[in-house]
Structure formats: C-alpha cells, structure tokens
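**Q** Requesting a structural model of the entry that follows:
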Amino acid sequence: MAMAAPMSPLPPTVADRDAEIAALQTAFDEYIASSRELEDELDAELAKMQEKLSESSGANAALIAQLESLNPQLSQLERALSETKTKLESESTARRQAELAQDE
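**A** Residues are numbered from 1 along each chain as shown. Model prediction:
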C-alpha cells in the first residue's frame, strides 16, 4: 500500500503577501481618514459648546450683578413694609382707643 502524500496548502507567494499588505494599508488609511474626520467634527462641536458656555457664563454674570444690585433695594422695601405695618398697628390701636373713649 502506497501512502498518499499529504496535501499541504501552498505557501503564500510574495504577490499574495503584497496584496495582503496593500489591503491592510488601505484599511489603515481609511481608518486614519475617518478618525481625522471624527476628530474634526468633535473639535467643531467642542468649539461650539465652548462658545455657548462662554455666552452662558456672561449671561450668568450679568444676572448675578442684577441680583446683587436688587438686594439693597429689596432690603429697603422690606424695612419700609415693616415700618408701615408697625405704623398701621399703632394707628389702629389709637383709633380703637379713641372710639372707646367716645363711647364712654
């Protein structure tokens, strides 16, 4: 009985290796290109968000300044309201006393 020679696949040729390398290089170049596009998009989005943040920070600072300028006015109005309430109570008491004195 003669033994059949085992069938082994042919080793890759230089042309096969060159084709594989070319395919890998193409895939790598596409990856680099898409990565750059994505990076550019992210940079543009970041710039937009930084601009919005800057605008929001400016608006926030303006609102803080408005609030700080309104605080003294608010305190003054609260004092005036308190004084007016005290005056009303005092005058209401005086009126009741005057009415009681008139009834007597």
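
**Q** Please make it C-alpha for all contacts and neighbour counts, starting now.
**A** Fine.

**Q** The most centrally placed residue in the chain and Ala65: what is the separation?
**A** Residue closest to the average C-alpha location in the chain (Cα atoms, centre = their mean): Leu53, at 7.3 Å. Relative to Ala65, Leu53 is positioned 18 Å away (Cα to Cα, to the nearest Å).

**Q** Same question for Arg79.
**A** 22 Å.

**Q** Helices of this protein, residue ranges please.
**A** In order along the chain, the chain carries the following helices (DSSP state H): 14-103.

**Q** Local confidence estimate at Leu100?
**A** Per-residue confidence (pLDDT) for Leu100: 88.

**Q** ignore the last one, Pro6
**A** Per-residue confidence (pLDDT) for Pro6: 55.

**Q** and if you look at the one 3 residues further on?
**A** We note a pLDDT of 76 for Pro9 in this prediction.

**Q** Would you mind listing where the protein has pLDDT under the threshold?
**A** The chain contains residues with pLDDT under 70 at 1-8.

**Q** Now with 50, please.
**A** 1 (pLDDT under 50).

**Q** Near Ala80, how many other residues are there?
**A** Ala80 has 12 neighbours, counted by other Cα atoms under 10 Å.

**Q** sorry, that was for Val14
**A** 9.

**Q** What distance do you get for it to Thr26?
**A** Distance, Val14 to Thr26, by Cα to Cα: 18 Å.

**Q** again with Asp18
**A** Distance of Asp18 to Thr26, given as Cα to Cα: 12 Å.
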